[in-house]
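Visitor: Let's see this in three dimensions:
(2 chains)
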Amino acid sequence: MWDTVILNPMINALLLIYQFLGHNFGLAIIVFTVLVRLITLPLTMQQTRSQQKMQELQGSKKWQDLQKKFKDDKQKLQQAQLELYREIGFNPLSGCLPLLIQFPIIIGLYQSITRTLAATPISLLDLSKHFYGIIPNMAALIPLNNRFLWIPDLGAPERLYLPFLPAVGIPVLTILVFITTWLSTKLTTPVTGDQQGASMGKMMSWYMPILLAWFSYSFAAGLAIYFVVSNVLQIIQSAAMGKVNWRNVFSFGAPAAPAKK
Amino acid sequence: MPSSQRLILLSLGLVAAAGLLSGCATGAVAASSWPGLSADETTAYIAYNNAVIAVDLANGFERWHYPAEPDRNRSFYATPLLTPDGSLVVGGYDHAVTILDAESGAELWRFTQPTGRIIGAPTLAGSLVLIPSADNRLYAIDLETRQLAWTFEAEQALWAAPLVDGDTVYLPSIDHHLYALRLSDGAEIWRADLGGGTVDTPTLADGVLLAGTFGQGLRAVDAETGELLWSFETTGWIWGNPTVADGIAYFGDVAGWVYSLRLGSGAEEIRRFQPDAAIASSPAVADDRIYFNTESGTVYAYQASTGNPLWNQSISRTSRLFTDPLLAGDQLLVASTASKQGDVILTAFDAESGARRWTYPAIPAEP
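Guide: The predicted structure is shown next:
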């Protein structure tokens, strides 16, 4: 099921793009990421709209009144919030679905990258079973060119060794993932009037970059490329929708309130 | 959804993702290759996962294992090479070649120059040992002086043992080429473009090299000139190269077909049949019997001349067979992958009847 729905289409799409782009796997990952983002665009737009609706709701008088009224009774507050959601026809889960859909895509992408690069006999043997027979001469593409820019092997964690510092591997992609994830989280985290939400937003702006940087440090460089490209696209998409809060970049506390016009 | 709940959900998802990614990256349960197996008159040597193990051919008892304590950073899959002076040469995924005393398993010395995994087996040529590495290089080391004699660099990784015939080394590579090198200094004589990667030692029969490829079938190359003589199309990739007996080449492909070809100026197909699963190893042939393993964990014996089935045996439901079956005296040795600690990795069958003689590790008797 996993192979049929996620892995096989991803592997074959990656290989087709690789073939089309003149055997450059790094470029294939970038193009593939753009395509994946385009396919999941309706979902991410839904997530953005849901966040915006939640933000508006949290700034409303009704919401503030509930906070004051039930400030000593969390259970009743939660119940009242649920009733309010129902009343205005808002589904709080609608913002989570797109987020959850990202996970199988990330895992599928990681698996398709490592399996396609096939650095071990078992993985190469398994790879042959994922090819679609209708695509001619796919086997001739193997082994893939696993070099990209300064990265010698896209299937392994990336480190840059400088001539004057040969003993220390600098994880350039990990640093890039950290910076772009931090920027993306900062720029696209919506402003909330809710105190709890604000502190969560602050936590997220560090939590996500650290976690994704750890992934990038430990796993295939191809996955780190996916993260960087994905973050940049997220920022571009949010900017295009007018949802970027540039003031947040210079705020190291909770997300800053938008400037008054 | 409140931010706190969203954060918890996100955290759980990321932890699950991390777990899945880690599992994929480290292969916590699954090994990244299959066992390497060789044998002398009394002992089988199996290289698998974190150990090289010597097993008594008479009863399946362990004689020694190396290293004494499993080391997570070291794993061995290349077929161990026995030398006439009683050494055992084993290549590792730690990029090193270790020379052991075959009798005791004691480490004699190590060669640590390669920068890539040693996946293919070392080959002996006089006092030289030729070691293919995934760093694209073939290393020739002199066993007597323990010095590097020469290296040759291919375009891509080397996953298969080279073949030595006289003064020539035939080197298959995943880079689609079959190289012919001069044994004395590693100089390239010719290279043949096979159109697809090749990951097993070519078979030499009457001056013709037979090399299976990924997607391009079986290729026959003139050993003298490197000229492509003929091709035979197969349904799947060929991982294990042909075994030739009495002018007939026997081999399988990963689509699960077994082929018999009569060799001459070209290849005349005698028969093909499809047992039950992918075939990634070369068959063993002796006394008009052909033995081959399938990925599903079954070993088959057929009569070579007629194609009639003789016997078949299944190792276990979870074992997969990718290693070449090996004839040792009147026994057929079959190495299998393990899905968990304690699984059988070596089984000895009576080559004639197919009766199971012993396993390593031994299967506990049922109460």
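Visitor: give me every residue that touches whichever residue of the stretch 151-300 of chain B sits closest to chain A.
Guide: Going by C-beta to the nearest C-beta, chain A is nearest to residue B:215 of the stretch 151-300 of chain B, at 2.5 Å. Every residue, glycine included, has its C-beta placed from N, CA and C. Contacts of residue B:215 were listed using C-beta atoms under 8 Å, 6 or more residues apart in numbering or on different chains, and they are A:137-140, A:142, B:195-196, B:237.
Visitor: Narrow those to those in helices?
Guide: The members of those all map outside helices under DSSP state H.
Visitor: Of the residues you listed, which one scores lowest on pLDDT?
Guide: Minimum pLDDT for the contacts of residue B:215 is recorded at residue A:137 (77).
Visitor: That one and residue A:104: what is the separation?
Guide: Distance, residue A:137 to residue A:104, using C-beta to C-beta, to the nearest Å: 30 Å.
Visitor: same question, residue B:78
Guide: 36 Å.
Visitor: which of the two has more neighbours?
Guide: residue B:78 (28 against 15; other C-beta atoms under 10 Å in any protein chain shown).
Visitor: was I right about the more buried one contacting residue B:121?
Guide: Yes - contact criterion C-beta atoms under 8 Å: residue B:78 and residue B:121 qualify, at 4.9 Å.
Visitor: burial count for the nearest residue to the residue of the stretch 151-300 of chain B closest to chain A once chain neighbours are set aside?
Guide: The shortest distance from residue B:215 to any non-neighbouring residue, by C-beta to C-beta, 6 or more residues apart in numbering or on different chains, is to residue A:139 (2.5 Å). Neighbourhood size, residue A:139 [other C-beta under 10 Å]: 18.
Visitor: tell me the contacts of residue A:139?
Guide: By C-beta under 8 Å, 6+ apart, residue A:139 lies in contact with A:128, A:131, B:196-197, B:214-216, B:237.
Visitor: how far away is it from residue B:217?
Guide: Distance from residue A:139 to residue B:217, by C-beta to C-beta: 10 Å.
Visitor: Please enumerate the helices of the stretch 101-250 of chain A.
Guide: Assigned by DSSP state H, counting those that start in this stretch, the helices in the stretch 101-250 of chain A fall at A:121-127, A:172-188, A:195-218, A:221-240.
Visitor: pLDDT averaged over the longest one, what's the number?
Guide: Okay, so that is helix A:195-218. 77.
Visitor: and the closest residue to residue B:184 other than its chain neighbours, what does it touch?
Guide: The shortest distance from residue B:184 to any non-neighbouring residue, by C-beta to C-beta, 6+ apart, is to residue B:167 (6.8 Å). Residues counted as contacts of residue B:167 (C-beta under 8 Å, 6+ apart) are B:182-184.
Visitor: Residue A:14 too?
Guide: Neighbours of residue A:14 in contact, by C-beta under 8 Å, 6+ apart: A:25, A:28-29, A:32, A:112-113, A:116.
Visitor: So it belongs to a helix, correct?
Guide: Yes - with DSSP: H, G, I helix; E, B strand; the rest coil as the criterion, residue A:14 is located in a helix.
Visitor: how far away is it from residue A:28?
Guide: 6 Å.
Visitor: What of residue A:187?
Guide: On the measure of C-beta to C-beta, residue A:187 and residue A:28 end up 28 Å apart.
Visitor: who's more crowded, these two?
Guide: Taking neighbours as other C-beta under 10 Å, residue A:187 and residue A:28 compare with residue A:28 leading, 27 against 21.
Visitor: Show the low-confidence segments of the stretch 1-150 of chain A, by residue range.
Guide: A:94-99 (pLDDT under 70).
Visitor: Go again with 50.
Guide: Filtered on pLDDT under 50, the stretch 1-150 of chain A yields no residues whatsoever.
Visitor: Nearest to chain B: which residue in it?
Guide: For the stretch 1-150 of chain A, C-beta to the nearest C-beta, closest residue to chain B: residue A:139, 2.5 Å.
Visitor: Keeping just the C-alphas, turn whichever strand or helix holds residue A:18 into CSV.
Guide: Residue A:18 belongs to helix A:8-20 when assigned by DSSP states H and E. Extracted in CSV, the C-alpha atoms of helix A:8-20 (Å, rounded to 0.1, in the frame of the first residue of the first chain):
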residue,chain,number,x,y,z
ASN,A,8,6.7,4.0,-6.3
PRO,A,9,5.3,7.2,-7.8
MET,A,10,7.9,9.2,-6.0
ILE,A,11,10.8,7.0,-7.2
ASN,A,12,9.7,7.0,-10.8
ALA,A,13,8.9,10.7,-10.8
LEU,A,14,12.3,11.5,-9.4
LEU,A,15,14.0,9.3,-12.0
LEU,A,16,12.1,10.8,-14.8
ILE,A,17,13.0,14.3,-13.7
TYR,A,18,16.6,13.2,-13.2
GLN,A,19,16.6,11.8,-16.8
PHE,A,20,15.0,15.0,-18.1
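Visitor: now the angle between helix A:221-240 and it, please.
Guide: 90 degrees (axes from the mean of the first three to the mean of the last three C-alpha atoms, to 10 degrees).
Visitor: So which bits of helix A:8-20 are buried?
Guide: A:8, A:10-18 (16 or more other C-beta atoms under 10 Å in any protein chain shown).
Visitor: Export those as TSV, with columns for distance to residue B:191.
Guide: Listed next are those as TSV, based on distance: C-beta to C-beta, whole Å:
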residue	distance to residue B:191
A:8	34
A:10	34
A:11	30
A:12	31
A:13	33
A:14	29
A:15	26
A:16	29
A:17	30
A:18	25
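Visitor: Got phi/psi on the residue sitting furthest away from the middle of chain A?
Guide: Farthest-out residue of chain A from its mean C-alpha position, per C-alpha atoms, centre = their mean: residue A:69, at 37.9 Å. Here is the backbone geometry of residue A:69 (degrees, to the nearest 10): phi -60, psi -40.
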